[in-house]
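Engineer: Sequence plus the predicted model coming up.
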Amino acid sequence: MSRYIIERLGEALVAVWGIVTIVFVVTRMLGDPAVLLLPLGTPEAQVAALRAELGLERPMVIQYLDFLIRAVQGDFGLSYQFFRPAMDLVLERLPATAILASTSIVLGVIIGSLAGFVAAVKRGSFLEFLAMTVALLGQATPVFWLGIMLILYFGVNLGWLPTGGWDSLASLVLPVLTLSIFVAATVSRLFRSSMLDALSEDYVRTARAKGLPPGTIYTRHAGRNALIPVVTMVAILTAELLGGSAVTETVFSWPGVGRLLLQAIENKDFPVIQAGVFLIAVIFVFTNLLIDLIYPLLDPRIRVTR
């Protein structure tokens, strides 16, 4: 088991290195930040001086090696826009994103799991039709459109809730509702499908032949095994939301990582882009690693063979 963990950690580190390397190359294709930071018509001599101050006049290989050495130390340089350490800016926005993501995931998983469970147990009934229709609509509806509609109805027309920012718990309601609807729709459809597959297995027929109560069969036998693909999907959604749901954060002016990254891309703020993508890559990779280690706890038949 320890060897497996070490191998997976090694693979995770390689994945993070590959991602940040790609981002380093791509950000250099966005344009010259020195030109962006200075007013239009600035003499070329001043542009060259700023470029030298930012270290952009050095060969690309030297910039890359310097970037890797500093990245290992968590130093991505100063933001071109805010003139503060880039990683500090990203970490300051992380709590807001974490609160939004965790609340949305918990609410979405609870609603989606219940809807998927009912749809599987009541297969062929009106409840299944209703649950799956709502889930399909939830997945098909663009998040930005849903967020705008919620703002117009609950924020503008009714005036019940704030339309943006993060001033109180009430500010959390609309963005959480927007994201949790998508999460619930995804989880419910996947859980229903997985639950139906589990209910057709031999061990479920054996449990029924033994006369076990339906509740025990649905929860302990079928439900537990049906959770495996759901856990994988929840892990992906969690990592995605923790990395910053840029669209939702922008619609609701939420001060999170996703909105910060969009602003950094618009302003060609290389250090902030690299720090943000590095953090997101770490969250994605190590979330997947954690899920790999949880699988054997859900299904004892899954064993690490390395």
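Structural biologist: That came through, no problem.
Engineer: When you work out contacts or count neighbours from here on, use the C-alpha atoms and nothing else.
Structural biologist: OK.
Engineer: Looking at stretch 185-199 now, give me its mean pLDDT.
Structural biologist: When pLDDT is averaged along stretch 185-199, the result is 81.
Engineer: same check, this time on stretch 9-22
Structural biologist: pLDDT averaged over stretch 9-22 gives 80.
Engineer: mind saving the C-alpha coords of that stretch as PDB?
Structural biologist: C-alpha atoms of stretch 9-22 as PDB (Å, rounded to 0.1, in the frame of the first residue of the first chain):
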ATOM      1  CA  LEU A   9       2.400  10.900  -5.400                       C
ATOM      2  CA  GLY A  10       5.100  10.700  -8.000                       C
ATOM      3  CA  GLU A  11       2.500  10.700 -10.800                       C
ATOM      4  CA  ALA A  12       0.700  13.600  -9.100                       C
ATOM      5  CA  LEU A  13       3.900  15.700  -9.000                       C
ATOM      6  CA  VAL A  14       4.600  15.000 -12.700                       C
ATOM      7  CA  ALA A  15       1.100  16.000 -13.600                       C
ATOM      8  CA  VAL A  16       1.400  19.300 -11.600                       C
ATOM      9  CA  TRP A  17       4.800  20.000 -13.300                       C
ATOM     10  CA  GLY A  18       3.300  19.300 -16.700                       C
ATOM     11  CA  ILE A  19       0.300  21.600 -16.100                       C
ATOM     12  CA  VAL A  20       2.400  24.600 -14.800                       C
ATOM     13  CA  THR A  21       4.800  24.200 -17.700                       C
ATOM     14  CA  ILE A  22       2.000  24.400 -20.200                       C
END
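Engineer: Would you state the helices of this protein in chain order?
Structural biologist: For the chain, the helices defined by DSSP state H occupy 2-27, 33-37, 44-53, 60-72, 86-121, 126-140, 143-150, 170-199, 202-209, 214-216, 224-242, 246-251, 257-266, 270-298.
Engineer: Identify whichever of these lies nearest to residue 156.
Structural biologist: Residue 156 lies closest to helix 143-150 among those, at 9.0 Å (C-alpha to C-alpha).
Engineer: Which neighbouring elements make contact with the closest one?
Structural biologist: Contacting helix 143-150 under the criterion 3 or more C-alpha pairs under 8 Å, 6 or more residues apart in numbering; DSSP states H and E are the following elements: helix 170-199, helix 246-251.
Engineer: Let me have the ones you listed in a markdown table, adding mean neighbour count and distance to residue 127 as columns.
Structural biologist: As requested, the helices and strands packed on helix 143-150 are exported to a markdown table (neighbours: other C-alpha atoms under 10 Å; distance: least, C-alpha to C-alpha, whole Å):
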| stretch | mean neighbour count | distance to residue 127 |
| --- | --- | --- |
| helix 170-199 | 23 | 12 |
| helix 246-251 | 21 | 30 |
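Engineer: Noted, bye for now.
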